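1. Sequence and predicted structure below; questions after.
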Amino acid sequence: GESVGLHLPTLSVQEGDNSIINCAYSNSASDYFIWYKQESGKGPQFIIDIRSNMDKRQGQRVTVLLNKTVKHLSLQIAATQPGDSAVYFCAENFNNDMRFGAGTRLTVKP
Amino acid sequence: GAVVSQHPSWVICKSGTSVKIECRSLDFQATTMFWYRQFPKQSLMLMATSNEGSKATYEQGVEKDKFLINHASLTLSTLTVTSAHPEDSSFYICSATTGFTEAFFGQGTRLTVV
């Protein structure tokens, strides 16, 4: 696999709405997936993870869905708040080899 | 949660000099550390993966003689940018993992080469 260095897609939502951020991963053998949030000028922060033996996992206001058939991961944020504005990355982990998706910039409008 | 400390958080250096960035896992033993580079408005780009006690594995296109990585212990990895040039200016981030959990990230280092 390769890391990507693409310009980030953006998602703009209204405060209070739900957000869905999507990610396609590359390795069908990846067994562990993570969503990170990165605020400007800071390192990524862990949000939620999921192992390949699950297809859904819920946290506080966040849900991760895994579709192994099409190698797709999504992050759902309920009742999006201004503090949720950040760049969100998915990462796949296989044999201790962690690769990031391109990331999505989420902007929350008040 | 686990803490990874990256130092310095920002550095300005003159062109041609070398800069060392440290990445420490404070409360766990990191069998593997990753070094990333991030350009503005772009994704993290993996530069290299280092396992304690062995040579780092560099990604294609990353010059190993320019970006020296040392992972001498289970809690410390260093990235040295040698003979830095303005195009090396970037945000560098390390992460560390035990191999059984997600990776924990340092706060990043903003390098500016003038």
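-> Yes, it's here.
2. what does stretch A:82-92 contact?
-> Contact with stretch A:82-92 is made by A:1, A:8, A:15, A:19, A:21, A:23, A:25-27, A:30, A:32-40, A:44, A:47, A:73, A:75, A:77, A:98-108, A:110, B:43-44, B:102-103, as judged by C-beta atoms under 8 Å, 6 or more residues apart in numbering or on different chains. For glycine as for every other residue, the C-beta is placed from the backbone atoms N, C-alpha and C.
3. Can you show me the helices along chain B?
-> Counting by DSSP state H, chain B forms no helices at all.
4. if we can go back for a sec, buried subset of the contacts of stretch A:82-92 as a PyMOL selection?
-> Command for PyMOL that selects the buried part of the contacts of stretch A:82-92, burial taken from 16 or more other C-beta atoms under 10 Å in any protein chain shown:
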select buried, (chain A and resi 19+21+23+25+30+32+33+34+35+36+37+38+44+47+73+75+77+98+99+100+101+102+103+104+105+106+108) or (chain B and resi 43+44+102+103)
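5. Filter the contacts of stretch A:82-92 down to the ones in strands?
-> When DSSP state E is applied, the contacts of stretch A:82-92 are split such that A:19, A:21, A:23, A:32-38, A:47, A:73, A:75, A:77, A:98-100, A:104-108, B:44 fall in strands.
6. Mean confidence (pLDDT) on the longest strand along chain A, please.
-> Looking across chain A with DSSP E, the single longest strand is strand A:86-94. Strand A:86-94 shows a mean pLDDT of 88.
7. Can you give me the buried ones in that strand?
-> A:Ala86, A:Val87, A:Tyr88, A:Phe89, A:Cys90, A:Ala91, A:Glu92, A:Asn93, A:Phe94.
8. can you put these in CSV and add distance to B:Leu79?
-> Formatted as CSV, these follow (distance: C-beta to C-beta, whole Å):
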residue, distance to B:Leu79
A:Ala86, 25
A:Val87, 22
A:Tyr88, 25
A:Phe89, 20
A:Cys90, 24
A:Ala91, 20
A:Glu92, 23
A:Asn93, 21
A:Phe94, 24
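9. Relative to B:Leu26, how far out is the most centrally placed residue in chain B?
-> For chain B, the residue nearest the mean C-alpha position is B:Trp35 (3.7 Å; C-alpha atoms, centre = their mean). As judged by C-beta to C-beta, to the nearest Å, B:Trp35 and B:Leu26 stand 18 Å apart.
10. do A:Ser28 as well
-> 35 Å.
11. ok, and the helix or strand in chain B with the lowest average confidence?
-> Ranking every helix and strand in chain B by mean pLDDT, DSSP states H and E puts strand B:104-105 at the bottom, with a mean of 86.
12. partner strands of that one, parallel or antiparallel?
-> strand B:90-97 (antiparallel) (DSSP bridges).
13. Centre of the chain to the strand it pairs with, how far?
-> 5 Å (C-alpha atoms, centre = their mean, to the nearest Å).
14. okay, the angle between it and strand A:86-94?
-> 50 degrees (axes from the mean of the first three to the mean of the last three C-alpha atoms, to 10 degrees).
15. what is the mean pLDDT for strand B:90-97?
-> 91.
16. Does the worst-scoring helix or strand of chain A on mean pLDDT reach chain B?
-> Every helix and strand in chain A was compared by mean pLDDT, DSSP H and E; the lowest is strand A:97-100, with a mean of 78. Yes. Counting by C-beta under 8 Å from any C-beta of the partner chain, contacts between strand A:97-100 and chain B involve A:Asp97, A:Met98, A:Arg99, A:Phe100.
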